[in-house]
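*Asks:* what follows is a predicted protein model with its sequence.
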Amino acid sequence: MRKKTQLIHGGIFGDEKTGAVSVPIYQVSTYKQDGPGKHRGYEYSRTGNPTRNALEELIKELEGGERGFAFGSGMAAMTAVMMLFNQGDHILLTDDVYGGSFRVMTKILNRFGLEATFIDTSDMDSIEKGIKQNTKALFIETPTNPLLKITDLEELSKIAKTHHLLTIVDNTFSTPYWQNPLTLGADIVLHSATKYLGGHSDVVAGLVVVNDEKLGDDLHFVQNSTGGVLGPQDSWLLMRGMKTLGIRMEEHERNTTEIVRFLTGHEAVLKVHYPGLLNHPNHEISKKQSRGFGGMVSFDVGSGEKAQQVLEKVKYFTLAESLGAVESLISIPALMTHASIPAERRKELGITDGLIRISVGLEDVKDLLEDLEQALEG
């Protein structure tokens, strides 16, 4: 089954009892049992819900894993995955990571004795050097947020297996339509499903897929114990959004290709970050492991003042957090998504005050190009 077909027919299709082509919203908290401890597959909706289960089956199939899990947000998903580890364990993470991921590792999970080190995971030597005796996992974003760096997932997974480490990949930017980390050797893949998977700025959710039953049992134990589950209404909304993921991702990329071409030729733009560019440091790796380059672009206009001017002038790019929606979004990472990262650390990483990140939407690309052109004037 090809991806576009799988997005519509994958998982649990419709409802056998009524013939409905859409999975019903089971707005229920508990379930009648036939006897004490004798239920019909569901006993309490924190443990399992038919609507959420349909979503979890769908993402499992899309990512080619063994079990899928739906959480109340991407950060809830990441936190649950980190709860698989113990006090004193060490995790290596991508340095150019989403600010919320940095925050939860350095401000919350560190309180429970989970150690974290942030390194350039696009450099295999840095990974080898970063592994310590208590290292248990590698946590990767590829492409990264916001500099769109690429990590070679096959090579990284080989290193992880040599050292008996888990490989965890945040696949939010690429989505399962363009990239499937589990098939490249990863153990766990997660998504902020709020973004491209939902696609319409109307649901907050997180998804996780694991590659074996033992990990699945362990993660379900965490999910059930801590309770950060996705509700049935949002599960249904997310499945509805995912049906059009394929055509949306293709159109996002078509629009992005034209915008990148415009930005690279504009005198006001100092640098453009996009893995589809031939001069991107890891362009060939991105081509090898992904079927598309995505709809995220970041570009540097030289100063925070100039970046603010661009944001004040745009009409069709909405100033907002998040990404991956039908509408184009624009932000300054240093002031928004990555504000929780200390300024000196942002400077080291190259997240400058003049860096602008755009999530290219589905508007007519000519309108978007004209909007950027007038915003960059002067």
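*Replies:* It's in. From a predicted model like this one, the values you see are computed outputs, not experimental measurements. Numbers count the residues shown, from 1 in each chain.

*Asks:* got the contact list for Gly276?
*Replies:* By C-beta atoms under 8 Å, 6 or more residues apart in numbering, the contact set of Gly276 is 253, 256-257, 260, 283, 286, 293-294. C-betas here are computed from N, CA, C, even on glycine.

*Asks:* rebuild the residues you listed as TSV, extending it with distance to Lys195, neighbour count and pLDDT.
*Replies:* Formatted as TSV, the contacts of Gly276 follow (distance: C-beta to C-beta, whole Å; neighbours: other C-beta atoms under 10 Å; pLDDT from 0 to 100):
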residue	distance to Lys195	neighbour count	pLDDT
Glu253	15	17	98
Thr256	15	24	98
Thr257	20	17	98
Val260	19	19	98
His283	23	16	97
Ser286	19	27	98
Phe293	16	26	98
Gly294	11	27	97
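
*Asks:* let's see which of those end up in helices.
*Replies:* Residues from those lying in helices, with DSSP state H as the criterion: 253, 256-257, 260, 283, 286.

*Asks:* in the stretch 1-150 of the chain, which spans are helices?
*Replies:* With helices called from DSSP state H, counting those that start in this stretch, the stretch 1-150 of the chain shows them at 3-9, 50-63, 74-82, 99-103, 124-130.

*Asks:* export the ones you listed as a markdown table, with columns for mean pLDDT.
*Replies:* Shown next, in a markdown table, are these (pLDDT from 0 to 100):
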| stretch | mean pLDDT |
| --- | --- |
| helix 3-9 | 96 |
| helix 50-63 | 98 |
| helix 74-82 | 98 |
| helix 99-103 | 92 |
| helix 124-130 | 96 |
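
*Asks:* need those in a markdown table (columns: distance to Ala137 and mean neighbour count).
*Replies:* Below are the helices of the stretch 1-150 of the chain laid out as a markdown table (distance: least, C-beta to C-beta, whole Å; neighbours: other C-beta atoms under 10 Å):
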| stretch | distance to Ala137 | mean neighbour count |
| --- | --- | --- |
| helix 3-9 | 28 | 16 |
| helix 50-63 | 18 | 24 |
| helix 74-82 | 9 | 23 |
| helix 99-103 | 13 | 20 |
| helix 124-130 | 12 | 14 |
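
*Asks:* out of the ones you listed, which is closest to Val326?
*Replies:* Val326 lies closest, by C-beta to C-beta, to one member of the helices of the stretch 1-150 of the chain: helix 3-9, at 16.1 Å.

*Asks:* report the secondary structure state of Arg346.
*Replies:* Classification of Arg346 using DSSP: H, G, I helix; E, B strand; the rest coil returns helix.

*Asks:* excluding chain neighbours, give the residue nearest to it in space.
*Replies:* With sequence-adjacent residues excluded and distances taken as C-beta to C-beta, 6 or more residues apart in numbering, Arg346 is closest to Ala334, at 5.8 Å.

*Asks:* could you check how far that neighbour is from Pro281?
*Replies:* Taking C-beta to C-beta, to the nearest Å as the measure, Ala334 falls 22 Å from Pro281.

*Asks:* listing partners with orientation, what would you give for the longest strand anywhere in the chain?
*Replies:* Of all segments of type strand in the chain, defined using DSSP state E, the longest is strand 135-141. Here strand 135-141 is paired, per DSSP bridges, with strand 90-94 (parallel), strand 166-170 (parallel).

*Asks:* now for Leu109: which residues touch it?
*Replies:* So Leu109 contacts 79, 82, 116 (C-beta under 8 Å, 6+ apart).

*Asks:* just Pro50 next, same as before
*Replies:* Taking C-beta under 8 Å, 6+ apart, we find Pro50 in contact with 23-24, 26, 42, 232.

*Asks:* can you list the helices of the stretch 1-150 of the chain in a markdown table and add distance to Thr352?
*Replies:* Formatted as a markdown table, those follow (distance: least, C-beta to C-beta, whole Å):
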| stretch | distance to Thr352 |
| --- | --- |
| helix 3-9 | 36 |
| helix 50-63 | 34 |
| helix 74-82 | 25 |
| helix 99-103 | 15 |
| helix 124-130 | 22 |
